[in-house]
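[1] Quick one, structure for this:
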Amino acid sequence: MNTYERKNAQKFDSIISFIDYLEFIEENQEWCYHTLENTKFEVDENNQLVMKIDNSICPTLNGDSENDSENIEIYPVTDLAVPSLIRRAEVTGDGIERLYELNKSKFCQHLEDYFDTKRTARGKLVSCVLFGNCNAVHSGNYVPVSQLEFFKAVCGYLKNSFTDVDFVDGTYSENITDVLVRIDDVSLTGAYTAILSRYGLGKATSCMAKIIASDIGEASCICEPAIICDNYYIPLGNKLSIRHTGNASVDKAVEKIGELFAGFTAQVRSLEILEDISISNAKNAMIKAFVYLKFPQKEASEIVESFVPKHNNALEIYLAMTQTLNKSNKANPYEALRDEEKLARLLTISAKKWRSFDVSGVVAWNAKDK
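    Down below sits the predicted model:
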């Protein structure tokens, strides 16, 4: 279960076909609102985990309930739902996942034993059902956000706000949906051209925005723009992330994305700050920075070996380090995004921390730096 795989993934190169497919998905999706009291997880004769919802157990205000066996709904539970079930049971570590793989009946018993202690305090559930299968079991405060309406609204906002917006590609899968949009608008890129050209990167050509949504994960929608210059993909550390709780909605997401892009050009100041931090031992500082971020040596060593410092400052090091993103080929968009976020941490650390990376001699790849 630890190997990431996108379930029933479909890739699209046009916004029209992408939106059409999301409409098809939404037509075959439902959200079930139920409780621990009327829900049971069992294993059927085919060793398939199933969720049974007894709709006859519906306590009214005076505590009455009706019992009718014909009102039981049964949904096969997919592997996608297991992490959300484990979160409901508040279990950490991979032992519970191994139990699910080896003995689903004991897994169900563990869930039932735990749920028995929580039926009053945390009894409400919200489940995502797609094509008749349960893909996630969330807590009662989970707020579904339509992926169809979210992507329509966000892409519409970008089209109406900027001069040249191109839908590069989009991928839908049952566990996560992601879109890559390229924005060629000088109002976004112009501020970055001068500083990047000083490092031989030429004109900042585009702003690339990765947009992610999921009905399975706790994060509802994520948008993280970056600057494209030559073959460099440069994260700037500015990100929108809205969770499936409280007042989460499509309108709220679009409002936050508007705020995100309104402050996009101001992020150039973070690059200017790095440019002012002088580094004498640039290669060593790069190794120290990779270690600080806990980047695996196998992903970063080639970048270090090919790095030839000319300007000897923190910005030059950061720009070179972003080349690891070009070499990364992670199937999980969340993991790829985490790599960008890790790198962008270097935009916010202090000059004192940067100078602590600036050491002479031989520097080993280790995890001692914090």
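[2] can we go C-alpha only for contacts and neighbour counts from here?
    Will do.
[3] Without its sequence neighbours, what residue ends up closest to His138?
    Leaving aside its sequence neighbours, His138 sits nearest to Val126 (CA to CA, 6 or more residues apart in numbering; 5.0 Å).
[4] Given the helix or strand where that neighbour lies, what are its sheet partners and their directions?
    Per DSSP states H and E: Val126 is located in strand 124-130. Partners of strand 124-130 in the sheet, by DSSP bridges, are strand 29-35 (antiparallel), strand 133-139 (antiparallel).
[5] can you give me the helices in the protein?
    With DSSP state H, the ranges of helices along the chain come out as 15-27, 82-88, 95-102, 104-115, 147-161, 186-197, 250-262, 268-275, 282-292, 297-306, 314-321, 324-327, 333-344, 351-357.
[6] Residues contacting the last one, please?
    It stands for helix 351-357. Leu274, Ile277, Ile279, Asn284, Ala285, Met286, Lys288, Ala289, Ala314 (CA atoms under 8 Å, 6 or more residues apart in numbering).
[7] Check those for burial and list the buried ones.
    Leu274, Ile277, Ile279, Asn284, Ala285, Met286, Lys288, Ala289, Ala314 (16 or more other CA atoms under 10 Å).
[8] what about the stretch 1-150 of the chain, any weak spots by pLDDT?
    Within the stretch 1-150 of the chain, the stretches with pLDDT under 70 are 1-4, 57-70, 88-93, 118-122.
[9] on that earlier part again, need the helices of the chain in a markdown table with distance to Ser214, can you?
    Listed next are the helices of the chain as a markdown table, based on distance: least, CA to CA, whole Å:
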| stretch | distance to Ser214 |
| --- | --- |
| helix 15-27 | 12 |
| helix 82-88 | 13 |
| helix 95-102 | 21 |
| helix 104-115 | 24 |
| helix 147-161 | 8 |
| helix 186-197 | 28 |
| helix 250-262 | 13 |
| helix 268-275 | 30 |
| helix 282-292 | 30 |
| helix 297-306 | 28 |
| helix 314-321 | 29 |
| helix 324-327 | 23 |
| helix 333-344 | 11 |
| helix 351-357 | 36 |
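[10] Asn8: which of those helices is closest?
    Closest to Asn8 of those is helix 15-27 (CA to CA; 11.6 Å).
[11] between the strand holding Val126 and helix 15-27, how big is the angle?
    Between strand 124-130 and helix 15-27, the angle comes out at 130 degrees (axes from the mean of the first three to the mean of the last three CA atoms, to 10 degrees).
[12] And strand 124-130, what's buried?
    Buried, per 16+ other CA under 10 Å, within strand 124-130: Lys124, Leu125, Val126, Ser127, Cys128, Val129, Leu130.
[13] in the sheet, who's paired with the first one?
    Under the criterion DSSP bridges, Lys124 forms beta bridges with Thr35.
[14] do the fifth one as well
    Here Cys128 sits in beta bridges with Trp31, Ala136, going by DSSP bridges.
[15] number of nearby residues for Glu42?
    Counted with other CA atoms under 10 Å, residues neighbouring Glu42 total 21.
[16] roughly how far apart are it and Ala136?
    16 Å (CA to CA, to the nearest Å).
[17] same check, this time on Asn175
    From Asn175 to Ala136 the distance is 9 Å (CA to CA).
[18] what residues are shared contacts of the two?
    With CA under 8 Å, 6+ apart, Asn175 and Ala136 have common neighbours Leu80, Asp215, Ile216.
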